[in-house]
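# coords please:
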Amino acid sequence: MLTSMNSTLTRRFFQTIAVVAVAAALSSCATKKGGHYSVHFDPPAKPVTNPSALKVKLSTGAQRVYVVQGNEVLLATPCSVGTASTPTPHGTFTIYNKQANRRRVSQPGAGYPMTFWMEFKSAYGMHWGWVKPYPCTHGCVRLPIKSAQKIFSMVPTGTPLIIASSHPEDATIGKTLPVLDDSSLADPPMSYMLSAQVFEDAKKGKIYTY
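Next up is the predicted model:
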């Protein structure tokens, strides 16, 4: 009888361990899933040592941005580009205008923050915005908040920007980047988006309470 009791206790012990393990795994999955929001993406960035050798490469096909110094990638990040009807222009451009606290001036959406604006063609720029795993913009390039913050600080005006359907980096470091999808992330209240607080938060690499 004692043996039977010990066997029952042992079985219950391992059942409990199994339940705890499953719960931990689910918790881990939830954390990992949450990490797919662009607000949680924090790309590593190597220091700029030769600004004259800097260039930015944008792959519209892979939706990737690479900050390159010579032949070395200093930063790589997912992005969102223009749709088929409102494409991001291809070609070689120069980043000629930077505004940390820019807002959209045209309708619809006038006043909406376009934080860390880096303009390369009239009305076209790289800036913070919600990122999705498919082309979804009106031609601008949306970046995760921490990516936009870092690129803005790394890249001076006058830096070349090469936009093409693909770049060699897509097959190397580009493949290691996560899929980011803000589709299910609720937009912050417009009162917040139109306030000065959005720019203060952006300086800290965050948006709203996310």
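# residue boundaries of the strands in this protein?
54-59, 64-69, 72-78, 91-94, 97-99, 117-121, 124-128, 141-143, 160-164 (DSSP state E).
# what's in contact with the first one?
Contact with strand 54-59 is made by 48, 64-69, 79, 81, 88, 95, 126, 141, 151, 154-156, 159-167, 169-170, 174, as judged by Cβ atoms under 8 Å, 6 or more residues apart in numbering. Heads up, the C-betas are built off the backbone N, CA and C, glycines and all.
# and the angle from it to strand 124-128?
Angle, strand 54-59 to strand 124-128, by axes from the mean of the first three to the mean of the last three Cα atoms, to 10 degrees: 90 degrees.
# Please shift the residue numbers so they start at 519 in all later answers.
Got it, first residue is 519 now, which makes that one strand 572-577.
# any idea of the mean pLDDT for strand 572-577?
The average pLDDT for strand 572-577 rounds to 99.
# got the angle for that strand vs strand 635-639?
80 degrees.
# Pairing partners for strand 572-577, with directions?
Sheet pairing for strand 572-577, assigned by DSSP bridges, gives strand 582-587 (antiparallel), strand 678-682 (parallel).
# show me the residues around M711 that make contact.
629-631, 705.
# Okay then, goodbye and thanks.
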